[in-house]
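A.B. asks: Take this sequence and fold it.
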Amino acid sequence: MTGSRPVLRLEGTTPAGHPYVIRPSQDDDAPGLAALIEAVAGEGELIAAVPGEPDTIEQSVRLVSIVLEGGLTLTLEVDGAPAGHVMVQRRAGRHYAHVGEIAILVSNTQRGAGLGRSMMEMAIEWGRAVGLAKLALRVFPDNHRAIGLYRSLGFQDEGLLRGEVRMPGGDRDLLLMGLTLSGRA
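C.D. replies: Below you'll find the predicted structure:
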């Protein structure tokens, strides 16, 4: 670690009065996170997933591999049930290891409560503490709510990948966004 120790656990109460905790993900979170991906995928094309895709074993392997590769995964629980997830996956290779790919998912019932912002702030703080120079993310260009959050946290548009994701409704573009944390990113 190159910076101060990041906060990796946050507890509180949602604006609706429900207790929540944001904490490091555990292997036994995989079934709940797979169900969360399934639920968000069912809302429409907000994420690059469709209903029926998430697999508990696949999710479990992903949680473990991200951490083993020096990354971060945090789970949001509201009323004891998974309601969100943020992960930072370090890029591989000596010329890319200064960048972390960040991805976030929040259940529809918890959006707008500030919990996604809290998870993103915790991930950004962690990235600075471990010496990452940049965080990068990809988002569908029509996901205005998410883009607004990212921009409010300092992320800037860096480009557009045309037809990058094949979804049931057709090929989708991805907006690339980045946040310089330190150094020469």
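A.B. asks: so where's the longest helix in this protein?
C.D. replies: When the chain is parsed with DSSP state H, its longest helix is helix 115-129.
A.B. asks: mind saving the C-alpha coords of it as PDB?
C.D. replies: Backbone C-alpha positions of helix 115-129 (Å, rounded to 0.1, in the frame of the first residue of the first chain) are rendered in PDB as follows:
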ATOM      1  CA  LEU A 115     -25.200   3.700  -1.800                       C
ATOM      2  CA  GLY A 116     -23.700   3.400  -5.200                       C
ATOM      3  CA  ARG A 117     -21.800   6.600  -4.600                       C
ATOM      4  CA  SER A 118     -20.600   5.300  -1.300                       C
ATOM      5  CA  MET A 119     -19.300   2.100  -2.900                       C
ATOM      6  CA  MET A 120     -17.600   4.000  -5.700                       C
ATOM      7  CA  GLU A 121     -16.000   6.400  -3.200                       C
ATOM      8  CA  MET A 122     -14.700   3.400  -1.200                       C
ATOM      9  CA  ALA A 123     -13.300   1.800  -4.400                       C
ATOM     10  CA  ILE A 124     -11.600   5.100  -5.500                       C
ATOM     11  CA  GLU A 125     -10.100   5.500  -2.000                       C
ATOM     12  CA  TRP A 126      -8.800   1.900  -2.100                       C
ATOM     13  CA  GLY A 127      -7.300   2.500  -5.600                       C
ATOM     14  CA  ARG A 128      -5.400   5.500  -4.300                       C
ATOM     15  CA  ALA A 129      -4.300   3.700  -1.200                       C
END
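A.B. asks: What is that helix packed up against?
C.D. replies: Helices and strands touching helix 115-129, by 3 or more C-beta pairs under 8 Å, 6 or more residues apart in numbering; DSSP states H and E, are strand 19-24, strand 72-78, strand 81-90, strand 99-106, strand 134-139, helix 144-152. Just so you know, the C-beta spots here come from the backbone N, C-alpha and C atoms, and that holds for glycine as well.
A.B. asks: buried ones in that helix?
C.D. replies: Across helix 115-129, burial judged by 16 or more other C-beta atoms under 10 Å covers 115-116, 118-129.
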